[in-house]
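Enquirer: Sequence and predicted model, in that order:
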Amino acid sequence: MRILYVEDEKLLADAVTHLLKKQGIAVDWTDDGEEALKLAKKPVYDAIVLDIMLPKMSGLEILEIIRKQSINTPVIMLSALSEIEDKVKGLELGADDYLAKPFKTSELIARLNALSRRPPIRERKILKFADIEFDPEDRTVNGVTLTEKESEILKMLIEAGDKTVQKDYILGHVWGAEMLAEDNYVEVYMSYLRKKLKSVSSKVSIKTIRGLGYKLVKK
Ligand code: CA
């Protein structure tokens, strides 16, 4: 296992590196954000251990940039226990784990082992149908943002492929227990979705199957 370790406290970094190496974990250490970004691009790391408080660029900024570059290497964030907001932010930005300082190196090793047993996570799952590509995570279709309900509906339609999705099924799953959901809600949202598909010049359209439901068709 090889890790990238970004930490500006040299004494701590030396101690941790020494202990990790004893466990057979190769460590590339840097205290510099720019260098961390360069190194993170190399496809050699099983994990990145990233301190939040760094002098020039914060660990959170580094994390944000590498995730934007679609680098999916697992990341463990390090920060003082008091920085709970940083923890939340880090996880939102795509960190896989979090360790509060001070920590035991054995704890870090356990977390690294847990991460390396997993396949790289947070790989984007894009759903496709003909010329449309739907990203359920950021709710976009061919780059255009959908509302939450539009997104849920489109997901059902794409997953059904060329089969019809029943109107009642959509109503039940999207509106669920929400009171007063009416039949025509589905029709209204279909018209929103049709507009969005049109706005991205898609060849896909939503066909109404009378008395039954909806399905995607390729023009
Ligand atoms: Ca620090």
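Expert: Noted; the coordinates are in hand.
Enquirer: what mean pLDDT does stretch 163-182 have?
Expert: Averaged over stretch 163-182, pLDDT sits at 78.
Enquirer: got a list of contacts for it?
Expert: Outside of stretch 163-182, the residues that reach it under the criterion Cβ atoms under 8 Å, 6 or more residues apart in numbering are 149, 152-153, 156-157, 183, 185-186, 189, 209, 212-215. In short, each C-beta sits where N, CA and C put it, glycine included.
Enquirer: What residues sit buried inside that stretch?
Expert: Residues of stretch 163-182 classed as buried: T164, V165, Q166, K167, I170, L171, V174, W175 (neighbour count, 16 or more other Cβ atoms under 10 Å).
Enquirer: Identify those among those that sit within strands.
Expert: Among the buried residues of stretch 163-182, DSSP state E puts V165, Q166 in strands.
Enquirer: Pick the one among the buried residues of stretch 163-182 closest to the ion.
Expert: Among those, V174 lies closest to the ion (Cβ to the ion), at 45.4 Å.
Enquirer: per-residue pLDDT, V27?
Expert: We have a pLDDT of 93 for V27.
Enquirer: rewinding a little: now the contacts of stretch 163-182 as JSON lines including distance to L108, neighbour count and secondary structure?
Expert: Below are these laid out as JSON lines (distance: Cβ to Cβ, whole Å; neighbours: other Cβ atoms under 10 Å; DSSP: H, G, I helix; E, B strand; the rest coil):
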{"residue": "K149", "distance to L108": "42", "neighbour count": "17", "secondary structure": "helix"}
{"residue": "E152", "distance to L108": "39", "neighbour count": "18", "secondary structure": "helix"}
{"residue": "I153", "distance to L108": "44", "neighbour count": "23", "secondary structure": "helix"}
{"residue": "M156", "distance to L108": "42", "neighbour count": "17", "secondary structure": "helix"}
{"residue": "L157", "distance to L108": "45", "neighbour count": "25", "secondary structure": "helix"}
{"residue": "D183", "distance to L108": "55", "neighbour count": "9", "secondary structure": "helix"}
{"residue": "Y185", "distance to L108": "50", "neighbour count": "17", "secondary structure": "helix"}
{"residue": "V186", "distance to L108": "50", "neighbour count": "24", "secondary structure": "helix"}
{"residue": "Y189", "distance to L108": "47", "neighbour count": "19", "secondary structure": "helix"}
{"residue": "I209", "distance to L108": "56", "neighbour count": "12", "secondary structure": "strand"}
{"residue": "L212", "distance to L108": "56", "neighbour count": "12", "secondary structure": "coil"}
{"residue": "G213", "distance to L108": "52", "neighbour count": "22", "secondary structure": "strand"}
{"residue": "Y214", "distance to L108": "51", "neighbour count": "22", "secondary structure": "strand"}
{"residue": "K215", "distance to L108": "51", "neighbour count": "17", "secondary structure": "strand"}
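Enquirer: Cool, thanks, signing off.
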